[in-house]
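K.L.:
I'll drop the sequence and a predicted model, then ask my questions.
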Amino acid sequence: MIISRRALRRVAARAALSLGTVALMAGVLPASVQAQEIGLPIGTQAPTGELETLDGKTVNLSQYVGKTPVLMEFWAWWCPNCKQLEPAIKAAEKKYAGKVKFIGVAVSLRQPLARAKKYAEDHSLTMEVLYDRKGLISDAYHAVATSYIVVLDAKGKVVYTGLGGDQNIEAAIRKAL
């Protein structure tokens, strides 16, 4: 069987996401990784690409990247660190309404679209939740585990990356404003 390079990158990205999440939960990684210890380098132009809405429609991140500051969280319903981040993200959404776009990228690892949708509804998530069915955006953003946050300024440049449930969301957003 011949496997394309793109397919191999997707498999490697999903394996890294899975291993990163397991390592974080097992305490091998610290509970919170400081900005720039993982992920896209600060100052990098953020990638764009297609994701799905929870209704199955296609949306491109280019609608947001480079238009307004963006906070993007790569999350899953089964992630305890993501649940820990929810109150801080919801508070920031209220405080920065109309100034910052909040996007939850639901990773597809052990998380079907229907489960991500149910969780978003049951927990009244107010950020726009998009589904990364193929893992391409998780790969492009170097998401090594769930609870990975990327903050972009209005020009679409990365100003913050972090991992874990106790990230300082407020400080991360201030870097983008």
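P.N.:
Here it is on my side, so go on.
K.L.:
which residues touch the most centrally placed residue in the chain?
P.N.:
The centre of the chain sits closest to residue 74, judged by Cα atoms, centre = their mean, with a distance of 2.3 Å. By Cβ atoms under 8 Å, 6 or more residues apart in numbering, the residues touching residue 74 are 105, 107, 132, 138, 141, 143, 145-150. C-beta: built from backbone N, CA, C; applies to glycine.
K.L.:
Separate out the buried members of these.
P.N.:
Applying 16 or more other Cβ atoms under 10 Å to the contacts of residue 74, the neighbour count classes 105, 107, 132, 138, 141, 143, 145-150 as buried.
K.L.:
SS state for the residue nearest to the centre of the chain?
P.N.:
strand (DSSP: H, G, I helix; E, B strand; the rest coil).
K.L.:
how close does it sit to residue 175?
P.N.:
Counting by Cβ to Cβ, to the nearest Å, the separation of residue 74 from residue 175 is 18 Å.
K.L.:
Then residue 85?
P.N.:
Distance of residue 85 to residue 175, computed by Cβ to Cβ: 17 Å.
K.L.:
Settle it for me: which of those two has more neighbours?
P.N.:
Neighbour totals were compared for residue 85 and residue 175, and residue 85 leads with 23 against 15 (other Cβ atoms under 10 Å).
K.L.:
Now do the SS call for that one.
P.N.:
Following three-state DSSP, the label given to residue 85 is helix.
K.L.:
What about the contacts of residue 74, which are in helices?
P.N.:
In helices, judged by DSSP state H, the following of the contacts of residue 74 are found: residue 138.
K.L.:
In strands only, show me the contacts of residue 74.
P.N.:
105, 107, 132, 148-150 (DSSP state E).
K.L.:
can you tell me which two in the residues you listed are farthest apart?
P.N.:
132 and 149 (15.1 Å; Cβ to Cβ).
K.L.:
hang on, the earlier thing: what is the nearest of the contacts of residue 74 to residue 125?
P.N.:
Relative to residue 125, the closest of the contacts of residue 74 is residue 105; by Cβ to Cβ it sits at 12.1 Å.
K.L.:
Surely the closest one touches residue 130?
P.N.:
Yes. Look at residue 105 against residue 130 with Cβ atoms under 8 Å: they come within range, at 5.7 Å.
K.L.:
what touches both of the two?
P.N.:
Common neighbours of residue 105 and residue 130, using Cβ under 8 Å, 6+ apart, are residue 51.
K.L.:
Is it possible to get a markdown table of the contacts of residue 74 that adds pLDDT?
P.N.:
Formatted as a markdown table, the contacts of residue 74 follow (pLDDT from 0 to 100):
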| residue | pLDDT |
| --- | --- |
| 105 | 97 |
| 107 | 93 |
| 132 | 95 |
| 138 | 95 |
| 141 | 96 |
| 143 | 94 |
| 145 | 92 |
| 146 | 92 |
| 147 | 93 |
| 148 | 96 |
| 149 | 97 |
| 150 | 97 |
